[in-house]
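**Student:** Predicted model, plus sequence, below.
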Amino acid sequence: MTPEKPLLPVALPRIVSSQEWLAARLELLAKEKELTRARDALNAQRRRLPMVEVEKDYVFEGPNGPLRLIDLFEDRRQLYVHHFMWIDALGQGCPSCSLAADLSFDNPVNQAELQERDVTFACISRAPFAQIADYKRHRGWSFPWYSSHGSDFNYDFHATFDASKGSTVYNYRGKDDWLQRGMPEELLNGDQPAASVFLRHGSKVYHAYSAFARGLEQLFMPFNFLDLTPYGRQQEWEDSPEGWPQRPTYG
C-alpha cells in the first residue's frame, strides 16, 4: 500500500457556519451573474467588430503541398487559426501550445462542434513543414497544422517578435511599451501566444479578430477548473490571501 503523501502546510479560508457561508456565496453569485452578463455583452460586441480584407496572397505548406489562406477554410465560412509557437533551438512546438493541443485542439468532439457551426480550426507555425510533420507525428496529433515558412503571415499578424521582419508589436503594444511594463527583454523575441480569426465570403478572405496573451486563456482548460478552487491557479500575479500557495510564474 502506497503511503499517503503529506500535505504541505498552507493557509486556509475562514471556517464559518453554513448560514454565513451561504450569505457569502449568494453575494459572490450576484457578482458572478454580473460578470456573465458582461461577458455576453462583450461577446455581442465582438460579433459586431468590423473586418479587414486580407489582400496579401499568403502561401502555406501542408501534407499535400502548397495552399492559399482560402484553402485552409476547407469550404467553411470561418477559420480559427492558432499560431502554434515554435522553439527554433529545439526544432519543436512550445510546451504550452503542446499542452493545449493535448487538452483541446486534438479532441475530435471539439473539432466536430466547431465544424457543425461552420468553423474550421487549424494551427499555423513558421517552421518548415517537415519539422511540423515530425513533431505532430511524434505527439500523435491529427488536427490540421500548416507551415507559413517563407511568408510574412506570422509577422503581419503579430504572432512573432522579429525586428528584422518589421514585427515589433504584440497585443497592440510596441516593444518599448512592454519593456516599460516590466516584460523581460529575452521574452520579447520569437513567437508569442496568439490566435487569429478569419471569415470567407466568396473568393475574399477577411481578418475578423485576433487575441493574444491572456486573451487565449480559455484554450487552457485546467485554468477553468482552477479558477473555481480555493487556491486558484497559484500564480504570483493573482490577488490571493497571504499564505496561499504560489508557483513562480511570469504573467
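**Tutor:** Everything's here; your move. Residues are numbered from 1 along each chain as shown.

**Student:** C-alpha from now on. contacts and neighbour counts both.
**Tutor:** Will do.

**Student:** center of the protein - which residue?
**Tutor:** L216 (3.3 Å; C-alpha atoms, centre = their mean).

**Student:** how about the nearest residue to R77, chain neighbours excluded?
**Tutor:** Sequence neighbours aside, R200 is the residue nearest to R77 in space, at 5.0 Å (criterion: C-alpha to C-alpha, 6 or more residues apart in numbering).

**Student:** Now do that neighbour: how many residues are near it, please.
**Tutor:** 19 (other C-alpha atoms under 10 Å).

**Student:** Can you read off the pLDDT for it?
**Tutor:** pLDDT recorded at R200 is 96.

**Student:** I'd guessed it sits against Y80; true?
**Tutor:** No: counting by C-alpha atoms under 8 Å, R200 stays clear of Y80, with 11.5 Å between them.

**Student:** so the residue lying closest to Q218 once chain neighbours are set aside is in which element?
**Tutor:** Counting by C-alpha to C-alpha, 6+ apart, the nearest residue to Q218 once its immediate chain neighbours are dropped is N224, at 7.2 Å. Applying DSSP states H and E as the criterion places N224 in helix 221-226.

**Student:** Take that helix, keep the C-alpha atoms, and write them as CSV.
**Tutor:** The C-alpha coordinates for helix 221-226 follow below in CSV (Å, rounded to 0.1, in the frame of the first residue of the first chain):
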residue,chain,number,x,y,z
MET,A,221,-8.9,24.1,-19.8
PRO,A,222,-7.2,23.5,-16.4
PHE,A,223,-7.5,27.2,-15.7
ASN,A,224,-11.3,27.0,-16.0
PHE,A,225,-11.2,24.3,-13.2
LEU,A,226,-8.6,26.0,-11.1
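
**Student:** Pull the distance from that helix to the chain's centre.
**Tutor:** In terms of C-alpha atoms, centre = their mean, to the nearest Å, the gap separating the centre of helix 221-226 from the centre of its chain is 13 Å.

**Student:** Stretch 102-114 now?
**Tutor:** Distance of stretch 102-114 from the chain centroid (C-alpha atoms, centre = their mean) equals 14 Å.

**Student:** From the rest of the structure, what touches that stretch?
**Tutor:** T120, F121, W141, S142, F143, L219, F220, M221 (C-alpha atoms under 8 Å, 6 or more residues apart in numbering).

**Student:** Weed out the non-buried ones from the residues you listed.
**Tutor:** Buried by 16 or more other C-alpha atoms under 10 Å: T120, F121, W141, F143, L219, F220, out of the contacts of stretch 102-114.

**Student:** Next, E32: secondary structure please.
**Tutor:** When classified by DSSP: H, G, I helix; E, B strand; the rest coil, E32 comes out as helix.

**Student:** Could you check the pLDDT of M1?
**Tutor:** pLDDT, read off for M1, is 50.

**Student:** Sorry, wrong one. I was asking about L226.
**Tutor:** Looking at L226, its pLDDT is 84.

**Student:** again, but for E55
**Tutor:** So E55 comes in at 96 (pLDDT).
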